[in-house]
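Trainee: Let me see the structure of the following:
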Amino acid sequence: TGHLLSACARAGAHDGDAGLRARGLLLVDGLAACQARLGTGYLSAFLEELFDRLRAGKPAWAPFYTLHKLMAGLLDTWQLSGSDTARRVLHGMVEWTARWVQPFGEDAMARVLEREYGGMNETLYAYAALTGEARWRELAHRFDRERILGPLAAGKDELQGLHVNTTLPQLVGAARGAEVTGDARLGRAARFLWTTVTERRCYCTGGTSNEESWNKPPGELAQELSGYTQECCVTYNLRKLGRQVLAWTGDARVADHLERTLWNGILGAQHPEDGAKLYYVPLAPGFWKLFGTPLHDFWCCSGSMAEAFATLGDGVYWKDDRGLYVSQYVASTLDWTEQGLRLEQRTRFPSEDVARFTVRAARPVRTTIRFRVPSWCRGGQATLNGRALEAFAEPGS
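Mentor: This is a model prediction of the structure:
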């Protein structure tokens, strides 16, 4: 439900899809009614008893993971669809979370964080930034998992044996925490994780994980090929982290990796006839794609991939005070309203190796447009109004 809320809000904001936006708002109204009936701020599709079991150290599969997804969907609906109801429901869940963790000391909270909790810190840091209330930053920090963050902040890859989709959202949250609090240590941990995973734990497709885990030391992938490689939720979260690193650094190599995961991990994950999704992208020789079925197979990756297909426009273009950046080569149109510019990109990449751009301006505007030269590009050239440009950047810049 949380992924669907995000997908509806993003499709409504990016594509102007009024029908999907309305569907998201209808869902929020229903969730608000459920939360009001419970009367405590709690909201989930399972009984609160699951959190009692988590508190007692008994088996309880990932209750905070599910809460995080729902809270993230509500946050997107509030921000992108302008729903005050979504804000109120989210606030109730945040208040409930604060009461639940309040009795825990540091050691007890660390035990809670050993159970998969998604990116609770990410959404709580974002909520703190939007409300300006320091208490929510403190609550978010309680979901920073020190056992994982410490080695990463020190530049140590101790990821072997970890469940990948448990770890990645926690570092997406650390990256958000670095932005909200200015904590450089959180930022170092997030950036090092992205670097070590993409350079030493990824397949040529850009994806990572085998049977949901990192099973070998960094750089050892020969024995990591199976029918259960590259979990789609992992690609979804690795792309989220990559977009944050790209925003910090502007490094074209990060955009190169986002390109590989887009074409090899997202676009092929949806069945063209019925929209069913993959759980894994199998990389074992001779293996095949195993799609879910519309009524009998619904996985975590069904949700993350539904949201991914509503965010295909994310990261194609970037801007800063120096101008515009073309990060990805996909047929698209950008309306840069502040500058009164429209940029139209026409391409059939990767079926052809040409991209054509047309700039339309309501009035004369002086700005700079920077085009990524992919690291795989050799012998490329650029022309402006039919005239060859003298300069052409190095691949990967």
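
Trainee: in this protein, which spans are helices?
Mentor: 2-15, 18-38, 49-55, 63-81, 84-101, 106-112, 120-131, 134-141, 146-153, 164-181, 184-200, 232-249, 252-261, 300-308 (DSSP state H).

Trainee: so what does the fifth one touch, helix or strand wise?
Mentor: Right, helix 84-101. Secondary-structure packing of helix 84-101 (3 or more CB pairs under 8 Å, 6 or more residues apart in numbering; DSSP states H and E): helix 18-38, helix 63-81, helix 120-131, helix 134-141. C-beta coordinates here come from the backbone N, C-alpha and C atoms, glycine included.

Trainee: can you state the direction angle for that helix and helix 120-131?
Mentor: Angular relation of helix 84-101 and helix 120-131 on a 0 to 180 degree scale: 130 degrees, by axes from the mean of the first three to the mean of the last three CA atoms, to 10 degrees.

Trainee: Pull out the buried residues from helix 84-101.
Mentor: 85-87, 89-94, 96-98, 100-101 (16 or more other CB atoms under 10 Å).

Trainee: next one: the longest one
Mentor: Residues of helix 18-38 classed as buried by neighbour count (16+ other CB under 10 Å): L20, R21, R23, G24, L25, L27, V28, L31, A32, Q35.

Trainee: cool, and the third one?
Mentor: Across helix 49-55, burial judged by 16+ other CB under 10 Å covers L50, F51, L54, R55.

Trainee: So which of those residues is the closest to G219?
Mentor: Top of the list for closeness to G219, among these and by CB to CB, is L54 at 35.9 Å.

Trainee: Might one say that the closest one is in contact with R115?
Mentor: Yes. Judged on CB atoms under 8 Å, L54 makes contact with R115 at a distance of 6.2 Å.

Trainee: between these two, what contacts are shared?
Mentor: Taking CB atoms under 8 Å, 6 or more residues apart in numbering as the contact criterion, the common neighbours of L54 and R115 are A60, P63, F64.

Trainee: The second one: what's it in contact with?
Mentor: Under the criterion of CB under 8 Å, 6+ apart, the contact list for P63 reads S44, F46, L50, F51, L54, R115.

Trainee: can you list the residues you listed in a markdown table and add distance to D321 and pLDDT?
Mentor: Conversion of the contacts of P63 to a markdown table gives the following (distance: CB to CB, whole Å; pLDDT from 0 to 100):
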| residue | distance to D321 | pLDDT |
| --- | --- | --- |
| S44 | 42 | 96 |
| F46 | 47 | 95 |
| L50 | 47 | 97 |
| F51 | 45 | 98 |
| L54 | 46 | 97 |
| R115 | 43 | 96 |
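
Trainee: TSV for those residues, including distance to G182?
Mentor: Below are those laid out as TSV (distance: CB to CB, whole Å):
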residue	distance to G182
S44	33
F46	37
L50	35
F51	32
L54	31
R115	29
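
Trainee: Skip the chain neighbours and tell me the closest residue to the most centrally placed residue in the chain.
Mentor: For the chain, the residue sitting closest to the mean C-alpha position, by CA atoms, centre = their mean, is K240 at 2.8 Å. Take K240 and drop its neighbours on the chain: the residue closest to it by CB to CB, 6 or more residues apart in numbering is V172, 5.0 Å away.

Trainee: Let me see the contact set for the one you found.
Mentor: With contact taken as CB under 8 Å, 6+ apart, V172 is in contact with G119, E122, A190, N237, K240, L241, Q244.

Trainee: do you know how far Q345 is from Q102?
Mentor: Counting by CB to CB, to the nearest Å, the gap from Q345 to Q102 is 51 Å.

Trainee: neighbour-wise, which of those two wins?
Mentor: The neighbour count for Q345 versus Q102, taken as other CB atoms under 10 Å, is higher for Q345 (19 against 9).

Trainee: quick one: low-confidence ranges for the stretch 51-200 of the chain?
Mentor: Residues of the stretch 51-200 of the chain meeting the criterion pLDDT under 70: none.

Trainee: on that earlier part again, could you redo the contacts of V172 as a markdown table and give each row distance to G268?
Mentor: As requested, the contacts of V172 are exported to a markdown table (distance: CB to CB, whole Å):
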| residue | distance to G268 |
| --- | --- |
| G119 | 25 |
| E122 | 27 |
| A190 | 27 |
| N237 | 18 |
| K240 | 19 |
| L241 | 21 |
| Q244 | 24 |
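
Trainee: Going by distance to E211, which of those wins?
Mentor: Each of the contacts of V172 was scored against E211 by CB to CB, and N237 proved nearest at 16.9 Å.

Trainee: which residues touch the closest residue to the closest one other than its chain neighbours?
Mentor: In space, and not counting its chain neighbours, N237 is closest to L168: 3.9 Å by CB to CB, 6+ apart. For L168, the contact set (CB under 8 Å, 6+ apart) comprises L193, V234, N237, L238, L241.

Trainee: want to throw those residues into JSON lines with distance to H3 and neighbour count?
Mentor: As requested, the contacts of L168 are exported to JSON lines (distance: CB to CB, whole Å; neighbours: other CB atoms under 10 Å):
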{"residue": "L193", "distance to H3": "23", "neighbour count": "28"}
{"residue": "V234", "distance to H3": "15", "neighbour count": "27"}
{"residue": "N237", "distance to H3": "12", "neighbour count": "24"}
{"residue": "L238", "distance to H3": "16", "neighbour count": "29"}
{"residue": "L241", "distance to H3": "17", "neighbour count": "23"}
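
Trainee: Show me which pair in those is furthest apart.
Mentor: Farthest pair in the contacts of L168, by CB to CB: L193 and V234, 12.5 Å.

Trainee: Would you quantify the distance from Y325 to T249?
Mentor: The separation that Y325 has from T249, given CB to CB, amounts to 12 Å.

Trainee: Neighbour count: the two, which is higher?
Mentor: Here Y325 and T249 are set side by side on neighbour count (other CB under 10 Å), and the busier one is Y325, at 20 against 12.

Trainee: Thank you kindly, that will do.
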